[in-house]
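Chemist: Next input, structure requested:
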Amino acid sequence: MGLSCSTDIDGDYSWWYIPEQELAPLATKRWRKCSSCSTLMRVGTPARKFNRWRSPNNEIEERIHGDEVHQAPLFMCETCSDLYDSLNELGYCCDIEQDLKTQIAEYKFYNGHL
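Modeler: Take a look at the predicted model:
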């Protein structure tokens with residue numbers, strides 16, 4: 001998807017997310033990779049958790065889970081989380097599974113902000 005100034009409200013989303021409000025120590029049993037830059041994050045390092053959901057794929061999933069099926073959360077390192085916050089405050093939509101630095105560079109290149 002890359003950076004854009006808006007989202008397609010009527011679009012077909014495969015999943016959606018809600019980020020935790022604040023950075024918190026990574027509280028998992030194992031290290032995690034940043035969903036954006038793929039940096040390994042040790043347990044206890046500052047990270048932001050992104051809770052994710054998707055629509056049910058069939059009637060059975062809908063009966064079991066309701067309208068939303070919870071998916072495994074994604075985690076973002078402190079640097080990428082800061083970039084995400086800045087872009088979000090400016091009204092940009094970004095793909096949290098792609099490198100935010102690359103998305104910003106592509107946006108600058110294609111929009112003449114070199």
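Chemist: which residues touch the residue nearest to the spatial centre of the chain?
Modeler: Centroid-nearest residue in the chain, with CA atoms, centre = their mean: I96, separated by 3.2 Å. Neighbouring residues of I96 by CB atoms under 8 Å, 6 or more residues apart in numbering: 17, 35-36, 50, 74, 76, 84. For every residue, glycine as well, the C-beta is placed using N, CA and C.
Chemist: what's the spacing between it and F50?
Modeler: Remark: distance between I96 and F50 (CB to CB, to the nearest Å) = 6 Å.
Chemist: okay, and the common contacts of the two?
Modeler: With CB under 8 Å, 6+ apart, I96 and F50 have common neighbours 17, 35, 74, 76.
Chemist: Out of those residues, which is nearest to G44?
Modeler: Closest to G44 out of the shared contacts of I96 and F50 is M76 (15.6 Å), distances taken as CB to CB.
Chemist: helix/strand/coil for the closest one?
Modeler: For M76, the assignment made with DSSP: H, G, I helix; E, B strand; the rest coil gives strand.
Chemist: List the single closest residue to it in space, sequence neighbours excluded.
Modeler: R48 (4.7 Å; CB to CB, 6 or more residues apart in numbering).
Chemist: burial measure for the one you found, as a count.
Modeler: Close neighbours of R48, defined as other CB atoms under 10 Å, add up to 25.
Chemist: helix or strand for it, which one?
Modeler: Assigned by DSSP states H and E, R48 falls within strand 46-54.
Chemist: what's the next secondary structure element after that strand?
Modeler: Past strand 46-54, the next helix or strand by DSSP H and E is helix 59-65.
Chemist: Now do the buried residues in that next one.
Modeler: Across helix 59-65, burial judged by 16 or more other CB atoms under 10 Å covers no residue at all.
Chemist: Stretch 18-30 now?
Modeler: 19, 23, 26.
Chemist: picking that back up, how far away is the residue nearest to the centre of the chain from N58?
Modeler: 27 Å.
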